[in-house]
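Undergrad: sequence plus the predicted model coming up.
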2 protein chains.
Amino acid sequence: MNQEPRWLDSSEMRAWHPLVVSGMHMFAALDRDLRDAFDITLLDHGILLMLSDTPAGLAMGHLAEQFGVEASVITYRISRMQDSGLVTRRRRDGDRRHVHAQITRAGKKLCDRMGPVHVESVRRHFFDHVPRKDLPALADAYDRLYRSQHTPPGEETQ
Amino acid sequence: MNQEPRWLDSSEMRAWHPLVVSGMHMFAALDRDLRDAFDITLLDHGILLMLSDTPAGLAMGHLAEQFGVEASVITYRISRMQDSGLVTRRRRDGDRRHVHAQITRAGKKLCDRMGPVHVESVRRHFFDHVPRKDLPALADAYDRLYRSQHTPPGEETQ
DNA sequence: ATAGAATCCTTCGGATTTGAAGCATCCTGC
DNA sequence: GCAGGATGCTTCAAATCCGAAGGATTCTAT
C-alpha cells in the first residue's frame, strides 16, 4: 500500500492538460448553445437522444449510469421534462422497482429540431479544429473508454 | 443562409457518441474522487493547478475563459477558496478593474497533497483504458482544440 | 414462509451554476 | 477635459446538482 504514485510521463502529460481543460471548455460551449437555442441542457439533450433510440424506454438508473450523474439528478430531470411533455414515466411488468422513462412524440419532435443546430455546434466546438487523420485514434480510444465505463466488472469479453 | 446542416459522416459519428457520453462520465468520476478525498471540486482543482503555475496570480476573467464558465462562477469559487485560505484576491497596479487570484502557501500545500490521488484517479478513469498508440493523436487533436479555444479570433499564426 | 439485506427510485436540504443587472474603472472621440 | 461606451468584476434570484435519508420492491438464506 501507499506506493509511489504512477505519475504521468511526458507523453501522457502532453495529452492530459489540453484534454481536461478544453474538454471542460467544449462541454460548456455545447451546453450554452443548446440553452440559447432551445432552453435545454446538454444532459437533457443526451437523455432525449438516448431515449429516441430506445422507444421502449430506459430505466432511470440506466440513464444515471450512462452519464455518470446521481440517480436523483435523473429523477429531477425526467420530472422537468415530463412537465414539458417531452417524456413519460412508465412501470413495465416485471421488477416493479424500475421506472422507465419513455420519449413522447413531442420529445422526438424536439430532437429533430435540435439535430441540425446541435451538429453545427459540435462542428464549431470540436470537429472543425480536429484533423481528420486523428479521428480513427479518437474513436478507438473513446470506444474503449466507453466500454470500460459501461461494462460491469468481471464481464469483459474482449 | 439556412443550408442543409453539415451532418456527421460515419467516421465522425463513430468518434462522437462515445466521446460525449464517456467524456461526461469521466469528468463526473474525476469530480467525485476529488470530492470524496478532499471535498473539492474538479473546477476548483483546475483553478488551483493553474494558479500554482502562475505565482503572480491570474485575472478572474482569464480563469473564466480558460474553463468556459461564467465570470460569476469564478467570483463565487474564488470567494469560497478564499474563505478556506487557499487563495487571495489582489489588485495589481495598472488596470484597476482587474482582480487577480493568487494561490497561498496552504493552497500549494493542498495541491501537493491532491497530486498523487488525482493522478491515480486520472489513470483509473482514463489512461488505463486508452492504448498508448492513440496518445499522439489525442495530444495533437486536443492541442489544436485548446489553441482554437484560447486564441483570440484573427490572431491565428501559422 | 419470512426476516434481513440489497436494489431502485424519490425526497429533501445544502452547495453550485447560470444569466441578468449593477457598479467601478478604463478607453474613445470630440 | 468629458460624455458615452466598453470592459472587468460582483451581486442576486432562479435553476440545477449532489449526497444522505427514506420508501417500496425484490432477493437470499434459513
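TA: Noted; the coordinates are in hand.
Undergrad: from here on, just use CA atoms for contacts and neighbour counts.
TA: OK.
Undergrad: ok, and for the longest helix along chain A, which residues are buried?
TA: Ranked by residue count, the top helix of chain A under DSSP state H comes out as helix A:10-38. By 16 or more other Cα atoms under 10 Å in any protein chain shown, the buried positions in helix A:10-38 come out as A:12, A:14-34.
Undergrad: point out where chain A drops to low pLDDT.
TA: Applying pLDDT under 70 to chain A flags the ranges A:1-3, A:152-158.
Undergrad: please repeat the previous calculation with a cut-off of 80.
TA: Chain A contains residues with pLDDT under 80 at A:1-5, A:151-158.
Undergrad: near DNA strand C, which residues of it show up?
TA: Applying Cα under 7 Å from any atom of the strand, we find that chain A lies next to DNA strand C at A:28, A:32, A:35-36, A:59-62, A:71-72, A:74-76, A:97-100.
Undergrad: next up, the contacts around the residue of chain A found nearest DNA strand C.
TA: Using Cα to the nearest atom of the strand, residue A:61 is the residue of chain A that sits closest to DNA strand C, at 3.0 Å. Residue A:61 makes contact with A:71, A:74, according to Cα atoms under 8 Å, 6 or more residues apart in numbering or on different chains.
Undergrad: so which strand or helix has it?
TA: Following DSSP states H and E, one finds residue A:61 within helix A:60-67.
Undergrad: quick check: what element follows that helix along the chain?
TA: helix A:71-83.
Undergrad: that next one close to chain B?
TA: No - for a cut-off given as Cα under 8 Å from any Cα of the partner chain, helix A:71-83 has no contacts with chain B; the smallest distance is 12.6 Å.
Undergrad: same check, this time on stretch A:38-45
TA: No - residues of stretch A:38-45 contacting chain B under Cα under 8 Å from any Cα: none, with a closest distance of 8.9 Å.
Undergrad: tell me which residues in that stretch are buried?
TA: In stretch A:38-45, counting by 16+ other Cα under 10 Å, buried: A:40-45.
Undergrad: how about residue A:139, secondary structure?
TA: At residue A:139 the chain is in helix, as set by DSSP: H, G, I helix; E, B strand; the rest coil.
Undergrad: state the distance from it to residue B:77.
TA: Residue A:139 sits 35 Å away from residue B:77, going by Cα to Cα, to the nearest Å.
Undergrad: and stretch A:105-120, which residues are buried?
TA: The neighbour-count check on stretch A:105-120 (16+ other Cα under 10 Å) flags A:107-108, A:111, A:114, A:116-120 as buried.
Undergrad: meant to ask about stretch A:96-103
TA: So, applying 16+ other Cα under 10 Å, buried residues of stretch A:96-103: A:98-103.
Undergrad: can you pick out the most distant pair from the buried residues of stretch A:38-45?
TA: Spatially, the most separated pair among these is A:40 and A:43, at 8.3 Å (Cα to Cα).
Undergrad: secondary structure element for residue A:88?
TA: According to DSSP H and E, residue A:88 maps onto strand A:87-90.
Undergrad: anything in that strand near DNA strand D?
TA: No - Strand A:87-90 is not in contact with DNA strand D by Cα under 7 Å from any atom of the strand; minimum separation 13.3 Å.
Undergrad: elements contacting that strand?
TA: helix A:71-83, strand A:100-103 (3 or more Cα pairs under 8 Å, 6 or more residues apart in numbering or on different chains; DSSP states H and E).
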